[in-house]
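In: the sequence isn't on hand, but the structure is:
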């Protein structure tokens with residue numbers, strides 16, 4: 001009966017998952033409940049916590065972009081590219097694009113920022129958002145089936161990050 005549409009402002013894609021526990025992925029500190037009081041005087045309520053997945057959600061596009069995201073949690077994908085240092089490593093939405101570089105598992109080139117251990121590098125990537133979800137109805141005139149939008153704070157670009165978001169209509173770079 002209640003449907004929702006996850007509107008994550010995704011900019012690009014991913015391919016390497018890190019080992020995280022369910023507690024790391026599904027953060028109970030996130031408030032994953034949303035209540036809306038309609039103009040009809042009714043209260044509409046959603047609890048999205050059960051949609052957080054230990055495996056997360058992954059979508060790969062035909063142009064070799066992988067998006068990893070989660071609902072009320074963080075993506076299992078992480079960002080650790082070889083070509084530049086990424087300030088944020090993970091968040092609710094991560095985009096990896098291009099091919100994952102070859103890796104000598106006996107002597108990996110990248111370093112896990114959390115553990116300090118050497119690890120294989122990911123494809124070029126972006127963390128697309130961070131923090132707890134921000135909920136909003138897509139259609140206030142139809143709260144029952146009009147959809148629920150989930151947003152996050154946009155991750156700021158890194159100083160050394162060579163990639164920008166591209167406006168799909170104009171094909172021009174746009175700020176994040």
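Out: Received it, and whenever you're ready, just let me know what you need. Remember, it's a predicted structure, so these values are computed and weren't measured experimentally.

In: partner strands of the longest strand seen in the chain, parallel or antiparallel?
Out: For the chain, the longest strand by residue count, based on DSSP state E, is strand 124-137. Here strand 124-137 is paired, per DSSP bridges, with strand 93-97 (antiparallel), strand 148-154 (antiparallel).

In: out of the ones you listed, nearest to residue 45?
Out: strand 148-154 (10.9 Å; CB to CB). All C-beta spots, glycine's among them, are computed from the backbone N, C-alpha and C.

In: distance of residue 97 relative to residue 50?
Out: To residue 50, residue 97 is 31 Å away according to CB to CB, to the nearest Å.

In: residue ranges for the strands of the protein, please.
Out: With strands called from DSSP E, the chain shows them at 33-37, 43-47, 57-60, 65-69, 93-97, 110-111, 118-119, 124-137, 148-154, 165-166, 173-174.

In: tell me which of the ones you listed lies nearest to residue 82.
Out: That would be, of the strands of the chain and by CB to CB, strand 110-111, which comes in at 6.2 Å.

In: can you give the distance of that closest one from its chain's centre?
Out: 21 Å (CA atoms, centre = their mean, to the nearest Å).
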